[in-house]
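In: have a look at this prediction, sequence included:
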Amino acid sequence: EAITDSRKLIEHSPLVATVSGTIAYEAGLLGCPAITLSPVFFNRINYCRFLTLDKLRNYEDLQQLSDGIRKSTDNRLEFSNFVMENTFDGYICDVVTDAAVLEPDNIAKLVTAFQALIFRHLSHTDDQN
């Protein structure tokens, strides 16, 4: 059974396409044009776009799509900052799979994270009014 390194595949691909897979995340981080057919958080990377099938039909061919994405402004540093600002301690999982999610220390971390996100959302909503 042959195992292929995803980075090598990406580096030799003019465009990566997936429904929602992290290979598009990897591609975007590497500056390779990528599309997802479902919206995902890493579509914030300018090299990784969410496209519906209807929007995909607007391109003459995949080369035109790939070239357009490749010309995007590089925002990978800003995206990394976004990820860091939205990364929290804590562990979310199915309690049947891992009961450790119910440990008091983990619950406290999750509460802190959700409070921070809610406060941030409310602050942004107040700023817009």
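Out: Noted; the coordinates are in hand. Numbering: from 1, shown residues only.
In: what's the least confident helix or strand in the chain by mean pLDDT in contact with?
Out: Taking mean pLDDT, DSSP states H and E as the measure, the chain has helix 104-128 as its least confident helix or strand, at a mean of 88. Applying C-beta atoms under 8 Å, 6 or more residues apart in numbering, the contact partners of helix 104-128 are 86, 88-92, 100. The C-beta positions use only the backbone N, C-alpha and C, and glycine is treated the same way.
In: chain center to that helix: distance?
Out: On the basis of C-alpha atoms, centre = their mean, to the nearest Å, the separation between the geometric centre of helix 104-128 and that of its chain is 20 Å.
In: cool, stretch 35-50 as well?
Out: Centroid displacement of stretch 35-50 relative to its chain, using C-alpha atoms, centre = their mean, is 6 Å.
In: ok, now stretch 121-129?
Out: Computed by C-alpha atoms, centre = their mean, the chain-centroid distance of stretch 121-129 equals 24 Å.
In: for this structure, what spans make up the helices?
Out: For the chain, applying DSSP state H gives helices covering 6-11, 22-30, 53-56, 62-70, 76-85, 104-128.
In: Ser38 is nearest to which of those?
Out: Each of the helices of the chain has some distance to Ser38 by C-beta to C-beta; the shortest is helix 22-30, at 10.0 Å.
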